[in-house]
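Novice: this is a predicted model, with the sequence first.
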Amino acid sequence: MASYVVAIDQGTSSTRCIIVNRKGEIVSVAQKEHAQIYPKPGWVEHDPTEIWRNTLEVIAKARIKLGLTTKDVVAVGITNQRETTVVWNKHTGKPYHNALVWQDVRTEDMIAEMAGDSGLDRFRAKTGLPLATYFSGLKIRWLLDNVPGLRQEAEQGNALFGNIDSFLIWNLTGGAKGGQHVTDVTNASRTQLMNLETLAWDEELLAAFNVPATMMPGIRPSSGLFGTITSEVMPGVPITGVLGDQQAALVGQTCFEPGQAKNTYGTGCFLLMNTGTQIRPSTCGLLTTVAYQFGNEAPRYALEGGVAISGALVQWLRDNLGLIKTSADVQTLAAEVPDNGGAYIVPAFSGLYAPYWRADARGVIVGLTRFVTKQHIARAVLEATAFQTYDLLAAMQKDAAVELVSLRVDGGMVVNDLLMQFQADVNNVPVVRPSVTETTAVGAAYAAGLAVGYWASIDDLSANWGIEATFKPAMAAEKRSKLLHQWAKAVQRSLDWAD
């Protein structure tokens, strides 16, 4: 009987279980969405208990589809929405509050206090990150300050913090009965509480954020043993790979050489470039983060740029405006017109992330005339993702002092040929779509499989990577320049809206 690696892909909108064979091919998938909770404008929450239930369900369904027993599974990898913050009781497993999602901006008022006279880059030297609502540190602080009794529980050692990876590992490996409270270096690097050089929780940072060290999970390499599953869904199977979703996509795209980059189009949009063993500070509004660490090898680092809203803008067009019935309809609608008709959308629904870092920005539609139709709006929705990616790529090339020759892409939106061609046109570099576009889950599987010898080396992984399509630039330089100029003006109109 063939053996497989199972990947749990816990994302912003859904949880999936994906089963991967030795060639890196996906042989079974199960998926289930979870509720998006919006208590106030700009606040975004998930129910951690619902996510845990869904995780068990999709694991069971994916296994049943393929008829697998636990003996057929050599290892489990986990990849997860990063920064999304959960605090739960270690005796009962019950969360003290809904998870605060990475998009949530309720900590906005805390930033000025934390920045003080040092500014937003107060902790960048140690963490590679500016002060922003994005990261977990301020979210933990908010929960400790606003959930009655939680700070006391934390100081007494009863409350555990984790991003979604830690919450799932703890539950899968026994929960209150001996569950492992651990995370990996990539997820830890997104809390703003880990020192990038030491790969350990930093006492000065914990004190500054007023977070008790007893809450924090142990930090481990991305590929190695995290614990053994005791849950009945796969008892006895080891969890040997954990990566934050964007780092997992980098691994899934086999970007193992410095200078290689990938862009993932999901709820948000995230561009990462491998910078090797060098920690490269950003001067252009990007983040410095851990890319991955395999076993006892030196950690690899990356420059990252992220935008909060890309695929979520298509969902907004579908769910809030009702202009399309399914997400796939956006390409059909947009293809009915040759351009955006002069309309631009800046989807700063929860501020602008890299390279701007403006929490005061809000979404705008500009350039409207009586000429503009729903078709133009649909095209502007797709183009917004490409323009935001251009901004990231331009900043990244300045920071890394490397000129990209191509861009590897993955995620749900890359099936959209119109978007991929427009991306190549505005970037003026070829866009390469791989044969397997679900690289996030595959990356988690790769990390898990390497740890148990299922794949002997990263050379085996690179051999699995193949190209499905390449989109080459075909836009005149004058037209590209005009579009980018208008986009820059649209971004300026979005700024300084929220008080």
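Specialist: Sure thing, it's come through.

Novice: so the residue sitting furthest away from the middle of the chain, which state does it fall into?
Specialist: Within the chain, Arg370 marks the point farthest from the mean C-alpha position, 38.0 Å out by C-alpha atoms, centre = their mean. Of the three states, Arg370 takes coil according to DSSP: H, G, I helix; E, B strand; the rest coil.

Novice: equivalent analysis for Ile365, please.
Specialist: Going by three-state DSSP: Ile365 is strand.

Novice: wait, it sits on Ile345?
Specialist: Yes - at 5.1 Å, Ile365 counts as touching Ile345 under the criterion of C-beta atoms under 8 Å. C-beta here means a position set from N, CA and C on the backbone, and glycine is covered the same way.

Novice: in stretch 446-456, what counts as buried?
Specialist: The neighbour-count check on stretch 446-456 (16 or more other C-beta atoms under 10 Å) flags 446-452, 454-455 as buried.

Novice: what is the mean pLDDT for it?
Specialist: In this model, stretch 446-456 has an average pLDDT of 95.

Novice: end to end on that stretch, go ahead and measure it.
Specialist: Start to finish, the residues bounding stretch 446-456 are 11 Å apart (C-alpha to C-alpha, to the nearest Å).

Novice: what lies in contact with it?
Specialist: Stretch 446-456 is contacted from outside by 3, 5, 7, 20, 22, 24, 74-77, 222-225, 238-243, 248, 251-252, 292, 294-295, 457-458, 461, using C-beta atoms under 8 Å, 6 or more residues apart in numbering.

Novice: list buried residues within those residues.
Specialist: Here, 16+ other C-beta under 10 Å leaves 5, 7, 20, 24, 74-77, 222-225, 238-243, 248, 251-252, 292, 294, 461 buried among the contacts of stretch 446-456.

Novice: does Gly306 sit in a helix or strand, and which one?
Specialist: strand 300-307 (DSSP states H and E).

Novice: ok, now Thr15?
Specialist: With DSSP H and E as criterion, Thr15 is part of strand 14-20.

Novice: in that strand, what's buried?
Specialist: By neighbour count on 16+ other C-beta under 10 Å, the buried set for strand 14-20 is 15-20.

Novice: and which of those residues is nearest Gln278?
Specialist: Val20 (30.6 Å; C-beta to C-beta).

Novice: on the pLDDT front, check that closest one for me.
Specialist: Predicted confidence (pLDDT) for Val20: 94.

Novice: identify the bridge partners of it.
Specialist: Listed by DSSP bridges, the beta-bridge partners for Val20 are Val5, Ile26.

Novice: and it, how far is that from Ala62?
Specialist: To Ala62, Val20 is 11 Å away according to C-beta to C-beta, to the nearest Å.

Novice: overlap of the contact sets of those two?
Specialist: Val6.

Novice: rewinding a little: common neighbours of Ile365 and Ile345, please.
Specialist: Joint contacts of Ile365 and Ile345 (C-beta under 8 Å, 6+ apart) are 377, 380.

Novice: neighbour count for those two, which is higher?
Specialist: Neighbours per residue, other C-beta atoms under 10 Å: of Ile365 and Ile345, the larger number sits with Ile345, 26 against 18.

Novice: in contact with that one, which residues?
Specialist: By C-beta under 8 Å, 6+ apart, the neighbours of Ile345 are 313, 363-365, 377, 380-381, 383-384, 490.

Novice: could you export these as JSON lines, including pLDDT and distance to Gln81?
Specialist: Listed next are the contacts of Ile345 as JSON lines, based on pLDDT from 0 to 100; distance: C-beta to C-beta, whole Å:
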{"residue": "Leu313", "pLDDT": "92", "distance to Gln81": "18"}
{"residue": "Gly363", "pLDDT": "94", "distance to Gln81": "21"}
{"residue": "Val364", "pLDDT": "95", "distance to Gln81": "26"}
{"residue": "Ile365", "pLDDT": "96", "distance to Gln81": "28"}
{"residue": "Ile377", "pLDDT": "95", "distance to Gln81": "28"}
{"residue": "Ala380", "pLDDT": "96", "distance to Gln81": "27"}
{"residue": "Val381", "pLDDT": "95", "distance to Gln81": "22"}
{"residue": "Glu383", "pLDDT": "96", "distance to Gln81": "25"}
{"residue": "Ala384", "pLDDT": "95", "distance to Gln81": "21"}
{"residue": "Ala490", "pLDDT": "97", "distance to Gln81": "28"}
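
Novice: can you list the residues you listed in a markdown table and add distance to Thr214?
Specialist: Listed next are those as a markdown table, based on distance: C-beta to C-beta, whole Å:
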| residue | distance to Thr214 |
| --- | --- |
| Leu313 | 40 |
| Gly363 | 40 |
| Val364 | 44 |
| Ile365 | 48 |
| Ile377 | 51 |
| Ala380 | 49 |
| Val381 | 45 |
| Glu383 | 48 |
| Ala384 | 43 |
| Ala490 | 47 |
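
Novice: and which of those residues is nearest to Tyr134?
Specialist: For those, the residue nearest Tyr134 by C-beta to C-beta is Gly363; the value is 17.2 Å.

Novice: quick one: contacts for that closest one?
Specialist: 309, 345-349, 494.

Novice: which one of those residues is nearest to Gly42?
Specialist: Relative to Gly42, the closest of these is Phe349; by C-beta to C-beta it sits at 8.3 Å.

Novice: mind checking which of the contacts of Gly363 are buried?
Specialist: 309, 345-349, 494.

Novice: need the max-distance pair from these.
Specialist: Ile309 and Ser494 (11.6 Å).

Novice: please enumerate the shared neighbours of these two.
Specialist: Taking C-beta under 8 Å, 6+ apart as the contact rule, the neighbours common to Ile309 and Ser494 are 348, 363.

Novice: which parts of the stretch 351-499 of the chain are helices?
Specialist: When assigned using DSSP state H, counting those that start in this stretch, the helices of the stretch 351-499 of the chain occupy the ranges 374-400, 417-427, 439-451, 458-464, 477-494.
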